[in-house]
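**Q** Structure here, sequence nowhere to be found:
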């Protein structure tokens, strides 16, 4: 859940709050839900071929 944690810290920092309090501001269930949705979106994009260029050998 590194992406969720980084986002929560950035959100707090941008609003002038202590980013070390990210885990009490954004409860675990909210972070888990966000991570689950990001994963689902990534998989949809992957299935549509959005990352195919990253899988090709640059030597070809």
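**A** Here it is on my side, so go on. All values reported here derive from a predicted model rather than from experimental measurement.
**Q** Of all the helix elements in this protein, which one is longest?
**A** Secondary structure of the chain per DSSP state H: the longest helix is helix 28-47.
**Q** Report the mean per-residue pLDDT for the helix or strand just after that helix.
**A** Next helix or strand after helix 28-47 toward the C-terminus (DSSP states H and E): helix 52-55. Here helix 52-55 scores 86 as its mean pLDDT.
**Q** Show me what helix 52-55 packs onto, helices and strands only.
**A** Taking 3 or more CB pairs under 8 Å, 6 or more residues apart in numbering; DSSP states H and E as contact, there are no helices or strands that helix 52-55 lies on. Every residue, glycine included, has its C-beta placed from N, CA and C.
**Q** how far does it sit from the chain's center?
**A** Distance of helix 52-55 from the chain centroid (CA atoms, centre = their mean, to the nearest Å) equals 20 Å.
**Q** List the buried residues in the longest helix of the chain.
**A** Residues 31, 34 are the ones in helix 28-47 that count as buried (16 or more other CB atoms under 10 Å).
**Q** tell me what it is packed against?
**A** Helix 28-47 packs on helix 2-14, going by 3+ CB pairs under 8 Å, 6+ apart.
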